[in-house]
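Colleague: structure for the following, please:
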Amino acid sequence: MTGEQALYVYALLRPETATTDDVTGLDGCPTRLVHAPGTDIAALVHDAPATPYQGSDDQVRRWVSQQSEVVTTVWERTGSVLPMTFNVLVADEPSPAGGSAGGRKAAERLTDWIAERAAELDEQLRTLADRCELRVEIALDRSALGATPASQTDAASAYRSAGMRRLLAKQEEQTARQTAERLADEVHAEVRGRLLAIAEDLRDRGRTQQSPDETHVLSAALLTRQEDIDTVGGVLSELQARQPAVRIRFLGPWPPYSFTELPDPPTPAALLAGQPSAGARSDPS
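Modeller: Okay, the predicted model is just below:
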């Protein structure tokens, strides 16, 4: 594919609301809008060789971070975008076998894809307008859940054998885990219900950054209106005040990565060749 050209796609958006002249993409590449004729949708792209971005883990992380910055900048200016994942490129269509004339250019392939799905894409842009994604991660610190004072434990242990001390330590650890799991179930049910009363949608996510001394409670992405961010923060602050053992990470606001559901989306590098390549997520997680 050396020498072939492509469009690197960042997001879909409303062209009439976009101010992207000063937005630079990966490695400082200038971005531009490609408008799909007959629709109210455009793609934010930069011109690129028809080769996926590949490099060391650090380099890929840097590119993913740059892509996230581009999407966030445009989202903040427009209020609604449909972000692509990392490494989505649309290349010129190869020439038919044995033919001399080339197929469709990258821009035509991309705008055809948009036009064929315009109704669904338009609905997504309307649904997500002025909405943001928040991330909430909650765990319980078992060491903060009514542990026996160290002075009492040390005094009692002085009269026990090493084997008995190990047995009692295991029993105390098991009791602490069981206590934390019961409380975690209670907190999960309460906070999930309260967050769902505010958020328009909630998606469970995998656990992140949990220490061995913590018990998982909740890890979720919330779709909320911009004006409800402080309300979500208030629920979490009140929970923290009532449950000192609770550990909370409250992240965002971000573009609604977890709630963008593109119809038949182009996978990373999917239109470069017949086989899609594995790509990294471009959200901040």
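
Colleague: pretty sure residue 204 is touching residue 217, no?
Modeller: No - applying C-beta atoms under 8 Å as the test, residue 204 and residue 217 come out as separate, 11.8 Å apart. Where you see a C-beta, it was placed from the backbone N, CA and C, and this is true even at glycine.

Colleague: the two: who's more crowded?
Modeller: residue 217 (28 against 10; other C-beta atoms under 10 Å).

Colleague: could you measure from residue 179 over to residue 142?
Modeller: 8 Å (C-beta to C-beta, to the nearest Å).

Colleague: just residue 128 next, same as before
Modeller: 39 Å.

Colleague: and if you look at residue 124?
Modeller: 42 Å.

Colleague: hmm, back to that, so which of residue 179 and residue 142 has more stuff around it?
Modeller: Set side by side, residue 179 and residue 142 show more neighbours around residue 142, with 22 against 16, by other C-beta under 10 Å.

Colleague: ok, the more buried one touching residue 213?
Modeller: Yes - using C-beta under 8 Å, residue 142 is in contact with residue 213, at 5.5 Å.

Colleague: mean pLDDT per helix and strand in this structure: which one sits at the bottom?
Modeller: When each helix and strand of the chain is scored by mean pLDDT, DSSP states H and E, helix 150-157 comes last, with a mean of 48.

Colleague: tell me where this protein has strands.
Modeller: With DSSP state E as the criterion, the chain has strands at 5-13, 32-35, 42-49, 81-83, 89-91, 131-141, 201-204, 214-225, 246-254.

Colleague: of all these, which one is nearest residue 189?
Modeller: Residue 189 lies closest, by C-beta to C-beta, to one member of the strands of the chain: strand 214-225, at 9.9 Å.

Colleague: got the buried residues for that closest one?
Modeller: Across strand 214-225, burial judged by 16 or more other C-beta atoms under 10 Å covers 214-215, 217-224.

Colleague: show me which of the residues you listed is closest to residue 257.
Modeller: Taking C-beta to C-beta as the measure, residue 257 sits nearest to residue 221 out of the buried residues of strand 214-225, at 7.9 Å.

Colleague: point out where this protein drops to low pLDDT.
Modeller: Applying pLDDT under 70 to the chain picks out residues 1-3, 17-18, 95-102, 146-161, 163-177, 208-210, 265-282, 284-285.

Colleague: that'll do, ta.
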